[in-house]
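> Build me a model from this:
(chains A and B)
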Amino acid sequence: MNELKRLLREPLLHFLLAGGLIFLLFRVVSGPAPAPRDTIVVTTARVDQLVAGFEGVWRRQPTAAELRALVDNFVREEIYYREARALGLDRDDAVVRRRMQQKMEFLSDAGSDSLQPDEGELEAYYALHEDRFREPPRLAFEQIFLGQAADSELITAALNSLQANADAPVDSLAWSSPTLLPDRLALSGPNAIDGVFGAGFFAQLETLTPGRWSGPVESGYGVHLVRISEASPGQLPRLDDIRAEVAQEWAAAKSQELREQLYARLRERYRVELPERIMQIESPR
Amino acid sequence: MQYVFRPTFALLFAVLTLPAAAQDIGAPTAENLSAAYTGKAYSPYAERNYPERPLWGDSHLHTSLSMDAGLFGNRVPPRDAYRFAQGEQIVSATGQPVRLSRPLDWLVIADHSDGMGMIDDLRAGTPEILAFEQGARWNKGLTEGGEAGVKAAMDLIGNFSQGTVEPALLNLYSPGSKTYESVWNNVIKEAEAFNDPGRFTALIGFEWTSLINGNNMHRVVIFRDDGDMAGQVDPFIQTAPIGSPDPRDLWKYLTNYEAKTGGNVLAIPHNGNLSNGIMFRLNDQWNGKKFDKTYVQERSTWEPVMEATQIKGDGETHPFLSPDDEFADYETWDAGNLDLSQAKTDDMLAGEYAREALKRGLTIEGKLGTNPYKFGMIGSTDSHTSLVAVEEDNFFGKHAGTEPSPKRWEHPFAKTDQGVIEGWESTASGLAAVWATENTREAIFDAMERREVYATTGPRMAVRLFGGWDFTAQDLNSRMPAVVGYERGVPMGGDLRKAPAGAAAPTFMVYALRDPIGANLDRIQIVKGWADSKGNTYEKVYDVAWSDNRKPGTDGKLPPVGNTVDVANANWTNTIGASELATIWSDPDFDPKLKAFYYARVIEIPTPRWTAYDAFRYGIKMSADVPMTTQERAYTSPIWYTP
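The predicted structure follows:
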């Protein structure tokens, strides 16, 4: 909404509208007689705006002389602006063109800012984009580090012993020297677990059966045996718990959609001729 | 949420660090403490209540909103900076696809508060900008691009450093103007959008860019609070009359913010190495005014952490200050101040580096009762590319002009009649590790305030340091030594008070685990600094744990770990060094009467420096003075002994 307000205050927009009006006017009154001289009306509102701009920069009121100079400058700018447009100087100016495009896009964005989804729209959007709102799966586990390069004999022996004594306290030192790696992690997501053990560790854990010692699992440090103690699938939070987030995403998507719609409608009004070489290439999506 | 900060831990923490303050909750006994905090809950799956792993982040990243970043061609906005930090692939300012080896846990986007957002309008050439001679000139250069663009950038930075930007132009992009407010509101909006408690934290912040004649006094300001509070103020700038380059005025702003909103905020100084001696002075402030009690108290309140390593050089110590430390000359930037308008002289160095500042703090505390330099250490990038990309093999440079290219090593970073900083001197550093109990704004901020943080030059090695009076070798044999560490000692950033009866010297439990996808470790060192009764200060570096069963020579020095780096192919192997190092160390030279601090420095085995990757990937040959290997490191926050 602020964008829209700001835009409505934009002198350039006013000029555009005014320019359009003048153009229409010109069409109406033009005839064999020489065109009437253009009129530039400086309204009180315009003067107030110039004063506000001055205050914004200098943090004080302009003196009378400064005020007059502001208005004179405005008139000068207006005349140059009109003449420059009449000469078509804006047409091949990259900055002006970019700015005009931005302003058109702002218009559609500003409209979409004020859009609020109704309940049905929100639910539909949430249902359609479940994947985006789903939390990543999380795992809690214990691990025993068997060293940088454990042989299969050691792995088998350790695994058998651990599985046979599943209820006994774990004596990791029986299988390797002490390690500073955490012996267990509470429910954690892939980033946290791979952050400690190295990339790919979480993916290996996901394939294990919870509740029993399994392995070997390889980390950035070496070979581990692991017992998953708790597995939490990637839960989808209820809509009520993430209503604001979903609404925000909906608004962003809607805004993009409106922008594209607007462009598509404008595009329909034009027939575009392209070089043969370009026509053969499909537009990227 | 992955971790729960239980009241029992909060209680225990308070008890351990502030014995005197625990009186009104009843004196703890050994039994009830170990019951509250054994780490051996009946259910082995119960969540632990202390930090399990360090949270990795960058407290100091610039985006396209920073004037200088934009001038160098960075158009990557905060949105993409967050996406990159979260592990997504994006396109850099120079059009190169880029991705992190693994995501970060948190990020502070800290754009320059002076002129924030101005560069976008400069490029667009808004009427307000073009009304100024400087604005029109810079707009022309920027729209022309190429050489003219670079010239415009240098011209603007020069004017900004020397305080000669037209005041009215600056006013437009200063607190109080509508334009500025909308920029700041947008910064906050993006942080709110990407902040995802438990998974990724986006702390709100900005950089206050104080320059005194080109001498760097910068601070990064970080809010603990959400946007509803941080949005109640505009950032503080360095330009008078609205702002000020005096840190005391920044602290006033921070005080006012907390009073107005009930929020929490802190400031982090950086690049003392480019301050020409004014960052950590001994007796007086930058303007020559003597230190007083208020000054040192304010400084210690607002600046609990300093940024000790980043792309513009490493700031732990300097070989001139630490001649006996063979690892002291690491990525040293000592040509001059920030804009190289004044060359460096040796007498300036003592006011620039972390270790010397920590020592000076002890002396000042002796005189004025408060230690203004009682800070923890973090690393951060200060990158102006919107990318936290400081791994040696994935280094995207300081700004858009130094993103990967075959020429970047030979283009000087800065060059004036006072000196030169070569392009190859850019340092692929650093990151901040935070021992926070959960990944939220509050927990990360609180860890910074209690200094339970450490710096690395890029790799993600996990480092623990605990100080206590009775650690023994046996404590390291438990499956989770940290449990013992918290139970019978204080973590990094903490204080040791008077020794209990029977304790001869403090003991330190220190251990380090290499980066899971990185290089092995060479050694752990303890750096000790202390002050005698006259206020003279001393330092000593002890090797305390090392790899490969090396024996110290007759001079007491440990032989080098070796070197497996294949420079031509930018490769190395983990066939030397150790994955893990750990020890219990007791100070052999302890004097119970003298104030001291202890921090750990962890050194990696040699690996290829970013220049070696550039040379290999671009097939170029660099001149012989360009270093091709590096030994990356971590600096923990100190533990202070205060009798």
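> For B:Thr301, list the residues it contacts.
With contact set as CB atoms under 8 Å, 6 or more residues apart in numbering or on different chains, B:Thr301 has these partners: B:Trp251. Backbone N, C-alpha and C define where each C-beta goes, glycine included.
> In three-state terms, how would it be classified?
When classified by DSSP: H, G, I helix; E, B strand; the rest coil, B:Thr301 comes out as helix.
> Could you list the buried residues of the longest helix along chain A?
Identified as the longest helix of chain A according to DSSP state H is helix A:243-268. Of the residues in helix A:243-268, A:Glu245, A:Val246, A:Ala247, A:Glu249, A:Trp250, A:Ala251, A:Lys254, A:Ser255, A:Leu258, A:Arg259, A:Leu262 count as buried by neighbour count, 16 or more other CB atoms under 10 Å in any protein chain shown.
> pretty sure the second one is touching A:Glu130, no?
No - shown here, A:Val246 and A:Glu130 do not form a contact pair, counting by CB atoms under 8 Å, at 10.7 Å.
> Spell out which residues of the stretch 501-643 of chain B are next to chain A.
Those residues of the stretch 501-643 of chain B that sit near chain A, judged by CB under 8 Å from any CB of the partner chain, are B:Tyr511, B:Ala512, B:Leu513, B:Arg514, B:Asp515, B:Pro516, B:Ile517, B:Ser579, B:Glu580, B:Ala582.
> what's the farthest-apart pair in these?
B:Ile517 and B:Ala582 (20.7 Å; CB to CB).
> So the two - more neighbours on which side?
Taking neighbours as other CB atoms under 10 Å in any protein chain shown, B:Ile517 and B:Ala582 compare with B:Ala582 leading, 22 against 17.
> Beta-bridge partners for the nearest residue to that one once chain neighbours are set aside, please?
Computed as CB to CB, 6 or more residues apart in numbering or on different chains, the closest residue to B:Ala582 that is not its neighbour in sequence is B:Tyr511, at 3.5 Å. B:Tyr511 forms beta bridges with B:Arg464, B:Ala582, as assigned by DSSP bridges.
> closest point of the stretch 251-400 of chain B to chain A, which residue?
For the stretch 251-400 of chain B and chain A, the shortest gap (CB to the nearest CB) falls at B:Glu391, measuring 13.5 Å.
> Could you measure from that residue over to A:Leu262?
Noted for B:Glu391: a distance of 43 Å to A:Leu262, by CB to CB, to the nearest Å.
> one step back: counting neighbours, what do you get for the residue nearest to B:Ala582?
Residues near B:Tyr511, counting by other CB under 10 Å: 23.
> Let me know the secondary structure of whatever residue of the stretch 151-300 of chain B ends up closest to chain A.
Using CB to the nearest CB, the closest approach of the stretch 151-300 of chain B to chain A is made by B:Ala168 at 4.8 Å. Applying three-state DSSP to B:Ala168 yields a three-state assignment of helix.
> same question, A:Glu123
helix.
> what sits against it?
A:Leu239.
> how near is it to chain B?
22 Å (CB to the nearest CB, to the nearest Å).
> okay, the residue in the stretch 501-643 of chain B that chain A sits nearest to: pLDDT?
Nearest to chain A in the stretch 501-643 of chain B, going by CB to the nearest CB, is B:Pro516, at a distance of 3.3 Å. pLDDT recorded at B:Pro516 is 94.
> Going by residue numbers, what spans are strands in the stretch 1-150 of chain A?
Using DSSP state E, counting those that start in this stretch, the strands of the stretch 1-150 of chain A run over residues A:138-147.
> low-confidence ranges in it?
Applying pLDDT under 70 to the stretch 1-150 of chain A flags the ranges A:1-37, A:110-114.
> any idea which element residue 187 lies in?
Answering for chain A, as no chain was given. In this structure, A:Leu187 sits in strand A:184-188 according to DSSP states H and E.
> wrong one, I was asking about chain B
helix B:178-194.
> cool, A:Val217 as well?
A:Val217 belongs to strand A:213-218 when assigned by DSSP H and E.
> Please apply the same query to B:Arg123.
Following DSSP H and E, one finds B:Arg123 within helix B:118-124.
> ok, and does that helix reach over to chain A?
Yes - remark: helix B:118-124 sits within contact range of chain A at B:Ala124, by CB under 8 Å from any CB.
> just how off-centre is the helix or strand just after that helix within its chain?
Using DSSP H and E, the next helix or strand after helix B:118-124 towards the C-terminus is helix B:127-130. Remark: helix B:127-130 is offset 38 Å from the chain centroid, using CA atoms, centre = their mean, to the nearest Å.
> List, one by one, the residues from the stretch 151-285 of chain A near chain B.
Residues of the stretch 151-285 of chain A lying near chain B (CB under 8 Å from any CB): A:172-173, A:178-189, A:191-192, A:194-199, A:219-222, A:229-230, A:248.
> ok, the closest residue to A:Val96 other than its chain neighbours - how many residues close by?
Take A:Val96 and drop its neighbours on the chain: the residue closest to it by CB to CB, 6+ apart is A:Asp90, 4.6 Å away. Residues lying near A:Asp90 (other CB under 10 Å) number 14.
> A:Asp90 contacts A:Arg82, correct?
No - checked against CB under 8 Å, the pair A:Asp90 and A:Arg82 is beyond contact range at 11.0 Å.
> At the geometric centre of chain A, which residue sits there?
Closest residue to the average C-alpha location of chain A: A:Ala252 at 7.9 Å, with CA atoms, centre = their mean.
> gap between that one and B:Ala191?
Counting by CB to CB - A:Ala252 and B:Ala191 are separated by 16 Å.
> Same check on B:Ala482?
With CB to CB as the criterion, B:Ala482 and B:Ala191 are 31 Å apart.
> Between the two, which is the more surrounded one?
Counting neighbours by other CB under 10 Å for B:Ala482 and for B:Ala191 shows that B:Ala191 has the greater number, 24 against 21.
> Secondary structure class of the closest residue to the more buried one other than its chain neighbours, three-state.
Nearest residue to B:Ala191, sequence neighbours excluded (CB to CB, 6+ apart): B:Ala202, at 4.4 Å. When classified by three-state DSSP, B:Ala202 comes out as strand.
> Please confirm that B:Val388 is located within a strand.
No - with three-state DSSP as the criterion, B:Val388 is assigned coil and is not in a strand.
> Over to the nearest residue to B:Lys595 once chain neighbours are set aside: give its phi and psi.
Of all residues not flanking B:Lys595 in the chain, B:Leu362 sits nearest, at 4.6 Å (CB to CB, 6+ apart). Backbone torsions for B:Leu362, taken as degrees, to the nearest 10, come to phi -60, psi -40.
> Hmm, A:Phe54 is touching A:Ala69, no?
No - A:Phe54 is beyond contact range of A:Ala69, at 10.0 Å (criterion: CB under 8 Å).
> More neighbours: the two, which one.
Comparing A:Phe54 with A:Ala69 by other CB under 10 Å, the one with more neighbours is A:Phe54, at 18 against 13.
> can you pull the contacts of that one?
Residues in contact with A:Phe54, defined by CB under 8 Å, 6+ apart, are A:Gln61, A:Pro62, A:Glu66, A:Leu70.
> The stretch 351-500 of chain B against chain A: which residues are in contact?
Residues of the stretch 351-500 of chain B lying near chain A (CB under 8 Å from any CB): B:Arg460, B:Ala462, B:Arg464, B:Leu476, B:Asn477, B:Ser478, B:Arg479, B:Met480, B:Pro481.
> What is the burial count for the last one?
Okay, so that is B:Pro481. Using other CB under 10 Å: B:Pro481 sits among 21 other residues.
> how close does it sit to A:Glu153?
Distance from B:Pro481 to A:Glu153, by CB to CB: 29 Å.
> ditto for the first one
With distances defined as CB to CB, the gap from B:Arg460 to A:Glu153 amounts to 33 Å.
> okay, those two: which has more neighbours?
Ranked by neighbour count (other CB under 10 Å), B:Arg460 and A:Glu153 place B:Arg460 first, with 23 against 8.
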